[in-house]
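Engineer: Would you be able to build a 3D model of this:
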Amino acid sequence: MEKYIINGGIPLHGEVEISGAKNAAVAILPATILAAGKCVIENLPAISDVMVSLQILSELGARVRLINKNTYEIDTTYLSCTEVPNELSRQMRASYYFLGALLGRFGNAQVAMPGGCNLGPRPIDQHLKAFTALGAEDSVEYGMINVHSDSLKGVHIFFDTVSVGATMNAMLSAVLAEGQTVLENVAKEPHVVDLANCLNMMGAEIRGAGTDVIRIRGVKSMHGCEYSIIPDQIEAGSYMVAAAVTGGDVTVRNVIPKHLEPITAKLRLAGCEVEEFDESVRVRRTGDLHPLKIKTMPHPGFPTDLQPLFAVMLCLAKGTSIITEGIWENRFRYADELAHMGANIQVDGQVAVIEGVDSLQAAPLRASDLRAGAALVVAALGAKGTSEVDETSHIERGYENIVEKFQALGADIKRVDKPVLNVNQAM
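Structural biologist: Next up, the predicted model:
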């Protein structure tokens, strides 16, 4: 077990390099199953969710070879197993992408009900709706989701709600289906587009990713490819907010500024200076922070994954801010931790009202999920005194070298081992 020790109150300065997008990587890795050949995937973030995905591929029979820290060769030519090990699939939410990939190639898949952050009910009914429409049958037995089809056929699917996971799973299962599949009311996030681009590199015929309608013309077979994953917009946004919270000056490199527009717009409204370059952005904050009204929405709206980080920033704004969470019902679980730091934040259902305070105070903190954990790290960086952040395994599911990257920006943060309590000694 590990925890972070953070001495806050130091403005961040310098440059930080953004890693590959977690949300793209965890779908593109299962997509290699469809290639039935060798794929070289570059710019993979070195995070636990990626390591679990690679382990699942290996357990299924793929040959996984490390080329360098962020590049792997994955050969799925001789992969034959269609059951994802229970203990692995429960470690992350995105294990459900193996359902679509295995169904698409083999017509059969078994995956345990996925794990990941507890942000409230995350039904997979829209995923199963897509599989069923394509001609598959599904069942749940002993916590395992089973899907099977003798022949997948293209069809018109209209999703009841906008779902990133269902959109991507439908793409994975439809690329080898006979005929044309039309997906409507789909998610438009950058990682949806990235998956489509990767599948097209493998020989798929997908058009319209990034719009409301995706058209997929099924192909008879696919092949290996070399593909580099897009930069992580959420990691980039996290460091941008950290610059604002600490009153620093940070250049965030290896980004696609277009993907950051909802974030950039809100930071400017909050009183930060944001300069955009071809593949980087610079964030500076010298004056007071201004209050905001934020509502999280599917892309191109404000991303729910950055809501906790912006809440930290707004705890220091001069005035009253209102955040409405439009995606997950349990996203405000971090509010109690911020209250321990002296924040004035009140939560009523899906709405948080934040009255800015002059400063946050150091406190012992616990990360309840990935993005809440990152937000607490940023809060500790901006607070006076020494804070400890526990349950850091949540954070390292989605942030590569977060401690080292903050250290390079001048932060006083370190990762230390947490003693394991001996129950017999405690008694």
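Engineer: so is Arg65 in a helix, a strand, or just coil?
Structural biologist: At Arg65 the chain is in strand, as set by DSSP: H, G, I helix; E, B strand; the rest coil.
Engineer: dump the residue contacts of the residue nearest to it when sequence neighbours are not counted.
Structural biologist: In space, Arg65 comes closest to Glu73 once its chain neighbours are excluded; the distance is 4.4 Å by C-beta to C-beta, 6 or more residues apart in numbering. Every residue, glycine included, has its C-beta placed from N, CA and C. Contact analysis of Glu73 by C-beta atoms under 8 Å, 6 or more residues apart in numbering lists 38-40, 63-65, 67.
Engineer: Any idea how far the helix or strand where Glu73 lies is from the middle of the chain?
Structural biologist: Using DSSP states H and E, Glu73 maps to strand 71-75. Counting by C-alpha atoms, centre = their mean, to the nearest Å, strand 71-75 is centred 21 Å from the centre of its parent chain.
Engineer: Could you do stretch 18-38 as well?
Structural biologist: The answer for stretch 18-38 is 13 Å, by C-alpha atoms, centre = their mean.
Engineer: pLDDT below threshold where in the protein?
Structural biologist: 114-123, 420-427 (pLDDT under 70).
Engineer: where along it do the helices fall?
Structural biologist: For the chain, applying DSSP state H gives helices covering 22-35, 48-60, 86-89, 97-106, 125-133, 164-174, 190-201, 233-246, 261-269, 307-314, 335-340, 370-382, 402-408, 423-426.
Engineer: who wins for proximity to Ser280 among those?
Structural biologist: Nearest of those to Ser280, taken as C-beta to C-beta: helix 233-246 at 9.5 Å.
Engineer: then that closest one to CSV, C-alphas only?
Structural biologist: Output of helix 233-246 as CSV, limited to C-alpha atoms (Å, rounded to 0.1, in the frame of the first residue of the first chain):
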residue,chain,number,x,y,z
GLN,A,233,-7.5,15.3,-22.6
ILE,A,234,-8.4,14.6,-19.0
GLU,A,235,-4.8,14.3,-17.8
ALA,A,236,-4.0,17.5,-19.7
GLY,A,237,-7.0,19.3,-18.1
SER,A,238,-5.8,18.1,-14.6
TYR,A,239,-2.4,19.8,-15.0
MET,A,240,-4.1,22.9,-16.4
VAL,A,241,-6.3,23.1,-13.3
ALA,A,242,-3.3,22.4,-11.0
ALA,A,243,-1.6,25.5,-12.5
ALA,A,244,-4.7,27.6,-11.8
VAL,A,245,-5.2,26.3,-8.2
THR,A,246,-1.5,26.9,-7.2
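Engineer: Quick one: list the elements packing against that helix.
Structural biologist: Helix 233-246 sits against helix 22-35, strand 249-253, helix 261-269, strand 280-284, helix 307-314, helix 370-382, with contacts defined as 3 or more C-beta pairs under 8 Å, 6 or more residues apart in numbering; DSSP states H and E.
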